[in-house]
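Participant: Got a sequence here, can you model it:
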Amino acid sequence: MPRAALFDLDRTLVRKETASLYVRYQREIGEATTVDLVRTLWWVAQYTLGVLDAEKIAARAASSLEGTLEAAMVERCERWVERDVMPHVGEAARAAVARHRAAGDLLAIVTGATPYAARPVARRLEIPHVLSSELEVDDGAFTGRFVQPLCYGHGKIARVERLAAAHGFSLSEATFYTDSNTDLPLLLAVGEPVVVNPDGRLLREARRRRWRVERW
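Facilitator: I've put the predicted structure just below:
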(Lines give C-alpha, C1' and ligand atoms only; values in the text may rest on other atoms or scores of the structure.)
Protein backbone atom coordinates (compact mmCIF):
# COMPACT_ATOMS: atom_id res chain seq x y z
CA MET A 1 0.00 0.00 0.00
CA PRO A 2 1.41 3.44 -0.92
CA ARG A 3 2.14 6.08 1.68
CA ALA A 4 1.15 9.74 1.43
CA ALA A 5 2.71 13.02 2.55
CA LEU A 6 0.20 15.82 3.11
CA PHE A 7 1.30 19.44 3.49
CA ASP A 8 -0.59 22.46 4.76
CA LEU A 9 0.21 25.64 2.82
CA ASP A 10 0.12 28.76 5.01
CA ARG A 11 2.84 28.96 7.68
CA THR A 12 3.95 25.47 6.70
CA LEU A 13 5.19 25.15 3.12
CA VAL A 14 4.97 28.95 2.93
CA ARG A 15 6.22 30.77 6.02
CA LYS A 16 3.55 33.49 5.68
CA GLU A 17 -0.24 33.49 5.25
CA THR A 18 -1.06 33.71 1.54
CA ALA A 19 -4.22 35.73 2.32
CA SER A 20 -2.24 38.60 3.83
CA LEU A 21 0.36 38.40 1.04
CA TYR A 22 -2.44 38.69 -1.53
CA VAL A 23 -4.07 41.69 0.13
CA ARG A 24 -0.66 43.38 0.32
CA TYR A 25 -0.37 42.77 -3.44
CA GLN A 26 -3.87 44.19 -4.00
CA ARG A 27 -2.94 47.25 -1.94
CA GLU A 28 0.17 47.74 -4.06
CA ILE A 29 -1.85 47.77 -7.30
CA GLY A 30 -4.60 49.98 -5.88
CA GLU A 31 -7.31 47.34 -5.39
CA ALA A 32 -7.20 47.31 -1.58
CA THR A 33 -6.72 49.88 1.14
CA THR A 34 -4.76 49.90 4.37
CA VAL A 35 -8.07 49.20 6.12
CA ASP A 36 -8.48 46.04 4.00
CA LEU A 37 -4.99 44.91 5.00
CA VAL A 38 -5.61 45.56 8.70
CA ARG A 39 -8.91 43.65 8.48
CA THR A 40 -7.15 40.68 6.87
CA LEU A 41 -4.42 40.69 9.51
CA TRP A 42 -7.15 40.74 12.18
CA TRP A 43 -8.77 37.68 10.58
CA VAL A 44 -5.39 35.95 10.53
CA ALA A 45 -4.96 36.71 14.24
CA GLN A 46 -8.43 35.29 14.97
CA TYR A 47 -7.55 32.19 12.95
CA THR A 48 -4.37 31.73 14.98
CA LEU A 49 -6.32 32.06 18.23
CA GLY A 50 -8.96 29.60 17.00
CA VAL A 51 -11.87 32.07 17.24
CA LEU A 52 -12.39 32.82 13.54
CA ASP A 53 -15.81 32.14 12.02
CA ALA A 54 -14.34 30.54 8.90
CA GLU A 55 -17.67 30.04 7.12
CA LYS A 56 -18.66 33.69 7.59
CA ILE A 57 -15.32 35.06 6.42
CA ALA A 58 -15.22 32.68 3.44
CA ALA A 59 -18.72 33.77 2.39
CA ARG A 60 -17.67 37.41 2.57
CA ALA A 61 -14.51 36.81 0.54
CA ALA A 62 -16.36 34.76 -2.09
CA SER A 63 -19.14 37.32 -2.53
CA SER A 64 -16.57 40.01 -3.35
CA LEU A 65 -15.47 37.93 -6.36
CA GLU A 66 -18.92 37.42 -7.88
CA GLY A 67 -18.74 37.92 -11.66
CA THR A 68 -14.91 37.84 -11.82
CA LEU A 69 -13.58 35.59 -14.57
CA GLU A 70 -11.76 32.55 -13.23
CA ALA A 71 -9.18 32.73 -16.05
CA ALA A 72 -8.22 36.25 -14.96
CA MET A 73 -7.71 35.05 -11.38
CA VAL A 74 -5.55 32.13 -12.55
CA GLU A 75 -3.33 34.43 -14.63
CA ARG A 76 -3.00 37.00 -11.87
CA CYS A 77 -2.14 34.47 -9.19
CA GLU A 78 0.55 32.85 -11.32
CA ARG A 79 2.43 36.15 -11.38
CA TRP A 80 1.69 36.91 -7.73
CA VAL A 81 2.85 33.50 -6.47
CA GLU A 82 6.09 33.68 -8.42
CA ARG A 83 6.96 37.14 -7.12
CA ASP A 84 5.44 37.30 -3.62
CA VAL A 85 4.86 33.76 -2.35
CA MET A 86 7.69 31.50 -3.50
CA PRO A 87 10.38 33.59 -1.73
CA HIS A 88 8.73 32.49 1.53
CA VAL A 89 9.14 28.76 0.77
CA GLY A 90 12.18 27.75 2.78
CA GLU A 91 14.82 25.12 2.19
CA ALA A 92 13.50 22.88 4.98
CA ALA A 93 10.09 22.75 3.31
CA ARG A 94 11.66 21.94 -0.06
CA ALA A 95 13.82 19.25 1.55
CA ALA A 96 10.80 17.59 3.21
CA VAL A 97 8.94 17.47 -0.11
CA ALA A 98 12.01 16.08 -1.88
CA ARG A 99 12.51 13.44 0.82
CA HIS A 100 8.96 12.14 0.47
CA ARG A 101 9.19 12.23 -3.32
CA ALA A 102 12.37 10.14 -3.21
CA ALA A 103 10.58 7.64 -0.96
CA GLY A 104 7.85 7.26 -3.57
CA ASP A 105 5.11 8.80 -1.40
CA LEU A 106 2.01 10.40 -2.87
CA LEU A 107 2.33 14.17 -2.38
CA ALA A 108 -0.55 16.56 -1.74
CA ILE A 109 -1.17 20.07 -0.48
CA VAL A 110 -4.17 20.17 1.86
CA THR A 111 -5.14 23.77 2.55
CA GLY A 112 -7.99 26.06 3.46
CA ALA A 113 -6.67 28.51 0.85
CA THR A 114 -8.07 28.60 -2.67
CA PRO A 115 -6.55 26.60 -5.53
CA TYR A 116 -5.41 29.86 -7.14
CA ALA A 117 -2.85 30.24 -4.39
CA ALA A 118 -2.13 26.54 -3.87
CA ARG A 119 -1.80 25.18 -7.40
CA PRO A 120 1.02 27.49 -8.54
CA VAL A 121 2.98 26.57 -5.41
CA ALA A 122 2.27 22.88 -5.99
CA ARG A 123 3.54 23.02 -9.58
CA ARG A 124 6.75 24.75 -8.57
CA LEU A 125 7.38 22.17 -5.83
CA GLU A 126 6.28 19.27 -8.08
CA ILE A 127 3.42 18.28 -5.78
CA PRO A 128 0.82 16.55 -7.98
CA HIS A 129 -2.31 16.85 -5.81
CA VAL A 130 -4.03 19.92 -4.36
CA LEU A 131 -6.96 19.76 -1.95
CA SER A 132 -8.25 23.27 -1.25
CA SER A 133 -11.32 25.43 -0.63
CA GLU A 134 -12.91 25.73 -4.06
CA LEU A 135 -14.82 28.73 -5.38
CA GLU A 136 -17.95 27.91 -7.35
CA VAL A 137 -17.64 28.75 -11.05
CA ASP A 138 -20.46 29.09 -13.60
CA ASP A 139 -19.82 29.81 -17.27
CA GLY A 140 -16.23 30.80 -16.51
CA ALA A 141 -17.05 33.30 -13.75
CA PHE A 142 -17.21 33.08 -9.95
CA THR A 143 -20.73 32.86 -8.54
CA GLY A 144 -19.79 34.42 -5.21
CA ARG A 145 -20.01 31.15 -3.29
CA PHE A 146 -17.62 28.46 -2.06
CA VAL A 147 -18.15 24.78 -2.79
CA GLN A 148 -19.03 23.02 0.45
CA PRO A 149 -17.44 21.77 2.59
CA LEU A 150 -14.56 24.18 2.98
CA CYS A 151 -11.17 22.49 3.17
CA TYR A 152 -10.98 23.41 6.85
CA GLY A 153 -11.17 21.42 10.08
CA HIS A 154 -13.16 18.24 9.51
CA GLY A 155 -13.63 19.29 5.88
CA LYS A 156 -9.98 18.43 5.30
CA ILE A 157 -10.58 14.86 6.44
CA ALA A 158 -13.45 14.43 3.98
CA ARG A 159 -11.30 15.59 1.09
CA VAL A 160 -8.27 13.51 2.11
CA GLU A 161 -10.47 10.42 2.47
CA ARG A 162 -11.65 10.86 -1.14
CA LEU A 163 -8.04 11.22 -2.30
CA ALA A 164 -7.08 8.10 -0.31
CA ALA A 165 -9.91 6.07 -1.85
CA ALA A 166 -8.90 7.16 -5.34
CA HIS A 167 -5.20 6.38 -4.90
CA GLY A 168 -5.24 3.44 -2.51
CA PHE A 169 -3.49 4.81 0.56
CA SER A 170 -4.62 4.72 4.17
CA LEU A 171 -4.65 7.71 6.51
CA SER A 172 -2.87 5.46 9.01
CA GLU A 173 0.01 5.38 6.52
CA ALA A 174 0.03 9.13 5.87
CA THR A 175 2.18 11.97 7.22
CA PHE A 176 0.60 15.40 7.68
CA TYR A 177 2.59 18.61 8.21
CA THR A 178 0.81 21.69 9.57
CA ASP A 179 1.16 24.72 11.84
CA SER A 180 -2.40 25.20 13.03
CA ASN A 181 -4.54 23.86 15.83
CA THR A 182 -7.52 24.06 13.46
CA ASP A 183 -5.95 21.04 11.72
CA LEU A 184 -6.15 18.90 14.85
CA PRO A 185 -8.84 16.60 13.34
CA LEU A 186 -6.56 15.58 10.46
CA LEU A 187 -3.49 15.39 12.69
CA LEU A 188 -5.35 12.88 14.86
CA ALA A 189 -6.47 10.89 11.82
CA VAL A 190 -3.06 10.29 10.21
CA GLY A 191 -0.40 7.83 11.26
CA GLU A 192 2.40 10.40 11.45
CA PRO A 193 1.47 13.94 12.55
CA VAL A 194 4.24 16.53 12.24
CA VAL A 195 3.86 20.01 13.69
CA VAL A 196 5.64 22.78 11.76
CA ASN A 197 6.05 26.40 12.96
CA PRO A 198 3.14 25.76 15.36
CA ASP A 199 0.80 28.26 16.95
CA GLY A 200 0.80 28.23 20.75
CA ARG A 201 -2.19 25.95 21.18
CA LEU A 202 -0.86 23.36 18.73
CA LEU A 203 2.59 23.45 20.30
CA ARG A 204 1.09 22.60 23.69
CA GLU A 205 -0.93 19.78 22.12
CA ALA A 206 2.12 18.47 20.29
CA ARG A 207 4.18 18.39 23.47
CA ARG A 208 1.38 16.62 25.32
CA ARG A 209 1.06 13.99 22.60
CA ARG A 210 4.82 13.84 21.92
CA TRP A 211 4.43 14.71 18.25
CA ARG A 212 7.45 15.78 16.24
CA VAL A 213 7.90 19.56 16.06
CA GLU A 214 9.89 21.19 13.25
CA ARG A 215 10.84 24.75 12.33
CA TRP A 216 10.80 25.56 8.65
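
Participant: Only C-alpha atoms from now on, for both contacts and neighbour counts.
Facilitator: Noted.

Participant: Worst mean pLDDT across the helices and strands of the chain, which element?
Facilitator: For the chain, the helix or strand with the lowest mean confidence is helix 34-49, at a mean of 51 (criterion: mean pLDDT, DSSP states H and E).

Participant: Now do the contacts for Gly104.
Facilitator: Gly104 makes contact with Pro2, Arg3, according to C-alpha atoms under 8 Å, 6 or more residues apart in numbering.

Participant: Which secondary structure state is assigned to it?
Facilitator: Following DSSP: H, G, I helix; E, B strand; the rest coil, the label given to Gly104 is coil.

Participant: Please report the distance of it from Asp199.
Facilitator: To Asp199, Gly104 is 30 Å away according to C-alpha to C-alpha, to the nearest Å.

Participant: ok, now how distant is the most centrally placed residue in the chain from Arg145?
Facilitator: With distances taken as C-alpha atoms, centre = their mean, Thr111 lies nearest the centre of the chain, 2.5 Å away. In this view, Thr111 and Arg145 are 18 Å apart by C-alpha to C-alpha.

Participant: His100 now?
Facilitator: Separation of His100 from Arg145 (C-alpha to C-alpha) stands at 35 Å.

Participant: try Ser170
Facilitator: Look at Ser170 and Arg145: by C-alpha to C-alpha, they are 31 Å apart.

Participant: cool, Leu6 as well?
Facilitator: Using C-alpha to C-alpha, we find Leu6 at a distance of 26 Å from Arg145.

Participant: same check, this time on Arg123
Facilitator: In terms of C-alpha to C-alpha, Arg123 sits 26 Å off from Arg145.
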